[in-house]
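S.K.: Prediction below, plus the sequence it came from.
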Amino acid sequence: MEGNSARQIKSICVFCGSNLGENAKFVETVNNLDRVLAKRKIHLVYGGNSLGLMGCVSTATHVEGSQVLGIIPTALAEGNFTGKKVGEELQVPTMQDKI
């Protein structure tokens, strides 16, 4: 690398819960994250659920203009356990295949 050039993060994977939990700080943190991702044009990869904290980060990041990719087991997607789709969705055979 020449000079002070730094690598730019293009995508980030976020693991978080499918419910909001009892601490409002979690939602506040997720809301700050989505603004940073959109501002820096960083793509989000997440668990594919639009509920809870996953729903907060995926929906807000998508609305703010960043690309969003949800990776979800086919059984959950077909069973409609995950709320509505946000951004792109990649269905995988099992939970282990998400990794």
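M.R.: Received the coordinates, thanks.
S.K.: Which residue is the nearest non-sequential neighbour of T74?
M.R.: The shortest distance from T74 to any non-neighbouring residue, by CB to CB, 6 or more residues apart in numbering, is to Q91 (4.4 Å). To be clear about C-beta, it is placed using only N, CA and C from the backbone, and glycine gets the same treatment.
S.K.: Give the other helices and strands that the strand or helix carrying that neighbour contacts.
M.R.: Assigning secondary structure by DSSP states H and E places Q91 in strand 88-92. Packing contacts for strand 88-92, counted by 3 or more CB pairs under 8 Å, 6 or more residues apart in numbering; DSSP states H and E, involve strand 68-73, helix 74-78.
S.K.: biggest helix in the chain, by residue count?
M.R.: Ranked by number of residues, the top helix in the chain under DSSP state H is helix 24-39.
S.K.: if I look at the closest residue to G83 other than its chain neighbours, how far off is E88?
M.R.: Closest residue in space to G83, ignoring its immediate chain neighbours: S50 at 3.5 Å, by CB to CB, 6+ apart. Between S50 and E88 the computed distance is 13 Å (CB to CB, to the nearest Å).
S.K.: Ok, I42 next?
M.R.: For I42 relative to E88 (CB to CB), the value is 15 Å.
S.K.: just the helices and strands packed on strand 88-92: most buried one?
M.R.: strand 68-73 (a mean of 20; mean count of other CB atoms under 10 Å).
S.K.: Okay, angle between that strand and helix 24-39 too, please.
M.R.: With axes from the mean of the first three to the mean of the last three CA atoms, to 10 degrees defining the directions, strand 68-73 sits at 120 degrees from helix 24-39.
S.K.: That'll do, ta.
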